[in-house]
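Asker: what's the 3D shape of this:
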Amino acid sequence: MIVKLFPDAEAALAAVKDGATVMIGGFGGAGQPAELIAALIAHGARGLTVVNNNAGNGDTALAALLKTGRVRKIICSFPRQVDSQVFDGLYRAGRIELELVPQGNLAERIRAAGAGIGGFFTPTGYGTELAKGKETREIDGRMYVFETPLHADVALIKAEAGDRWGNLVYRKTARNFGPIMAMAAKTTIASVHDVLPLGALDPESIVTPGIFVQRVVKVPRSATGPAGFRQAA
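Answerer: The predicted structure is shown next:
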């Protein structure tokens, strides 16, 4: 019998190794798996490469992970914003490496990994520092840059509900990077608020099939998000 449910986040993350590449879902606080990030901090893995849309807000969740000094490199689209002081301090001190990727390219590089695509050409970034050292090609009179897929050892994502097979459904914009990250990682760990009986999820509503999910953890529902913002009803 297939059962992918784990008793808690700590048990689900126990096998994460030093030097792992970890994708973390979320668009700011929306869809950010705060409980899984907290478990990763408690786990103590070092030398991590983190793939995320941004580089943390305030001093909680992803920012708290960066603050531990265990993240060697971050690959993201928006490393600096009004409350990204943790990343800013680390970067200025030379304690973290940054790979800046335009948001569309970031999503497509992750999707390419999950789809088994060896890379793709995009006009985004051509003629800028972001294209330095990369293959370029003219296609139909327009210049393109070759981008490679982004694979991960582990993906930490947040879903609304799941079942013991790992089938997942999401809540509104909390979906964001979760589905493609689940496909791009060797091991996907999903936090859910509800675990439903097998067959209770409408097959037409399942966004991430269980074949892409290895571990599921039920976490309590909170009235506020990781940054203290109240969740919409």
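Asker: mind listing what's buried in stretch 213-225?
Answerer: For stretch 213-225, the buried set under the neighbour-count rule, 16 or more other Cβ atoms under 10 Å, comprises Val213, Gln214, Arg215, Val216, Val217, Lys218, Val219, Gly225. (Each C-beta comes from the backbone N, C-alpha and C, glycine too.)
Asker: What does the first one show for phi and psi?
Answerer: Dihedral angles phi and psi of Val213 (degrees, to the nearest 10) take the values phi -120, psi 130.
Asker: Now for the closest residue to it other than its chain neighbours: which residues touch it?
Answerer: Counting by Cβ to Cβ, 6 or more residues apart in numbering, Gly166 is the residue found nearest to Val213 once chain neighbours are left out, at 3.2 Å. Contacts for Gly166 (Cβ atoms under 8 Å, 6 or more residues apart in numbering) come out as Lys4, Thr188, Ala190, Thr208, Pro209, Gly210, Ile211, Phe212, Val213, Gln214, Arg215, Val216.
Asker: CA-only coordinates of the top helix by length along the chain, as PDB, when you get a sec.
Answerer: Using DSSP state H, we find that the single longest helix of the chain is helix 103-115. Extracted in PDB, the C-alpha atoms of helix 103-115 (Å, rounded to 0.1, in the frame of the first residue of the first chain):
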ATOM      1  CA  GLN A 103      11.300  35.500 -13.600                       C
ATOM      2  CA  GLY A 104       9.900  34.000 -16.800                       C
ATOM      3  CA  ASN A 105      13.300  32.300 -17.500                       C
ATOM      4  CA  LEU A 106      13.300  31.000 -13.900                       C
ATOM      5  CA  ALA A 107       9.900  29.400 -14.300                       C
ATOM      6  CA  GLU A 108      10.800  28.000 -17.700                       C
ATOM      7  CA  ARG A 109      14.100  26.600 -16.500                       C
ATOM      8  CA  ILE A 110      12.300  24.800 -13.700                       C
ATOM      9  CA  ARG A 111       9.600  23.600 -16.100                       C
ATOM     10  CA  ALA A 112      12.200  22.400 -18.600                       C
ATOM     11  CA  ALA A 113      13.900  20.200 -15.900                       C
ATOM     12  CA  GLY A 114      10.600  18.600 -15.100                       C
ATOM     13  CA  ALA A 115       9.700  18.000 -18.700                       C
END
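Asker: for it, which positions count as buried?
Answerer: Within helix 103-115, the residues that count as buried by 16+ other Cβ under 10 Å are Asn105, Leu106, Ala107, Glu108, Arg109, Ile110, Arg111, Ala112, Ala113, Gly114.
Asker: Roughly how far does the third one sit from Ala12?
Answerer: When distance is defined by Cβ to Cβ, to the nearest Å, Ala107 is 25 Å away from Ala12.
Asker: ok, how many other residues are close to Leu100?
Answerer: Counted with other Cβ atoms under 10 Å, the neighbours of Leu100 add up to 16.
Asker: circling back to that earlier point, closest one to Ala131 out of the buried residues of helix 103-115, please.
Answerer: Asn105 (10.6 Å; Cβ to Cβ).
Asker: and Leu90, that one's in a strand?
Answerer: No. Read with DSSP: H, G, I helix; E, B strand; the rest coil, Leu90 is helix and lies in no strand.
Asker: So, low pLDDT: which residues of the protein?
Answerer: Low-confidence segments of the chain (pLDDT under 70): 223-233.
Asker: For this protein, just list every one of the helices.
Answerer: Assigned by DSSP H, the helices in the chain fall at 9-12, 34-43, 62-67, 85-92, 103-115, 178-184.
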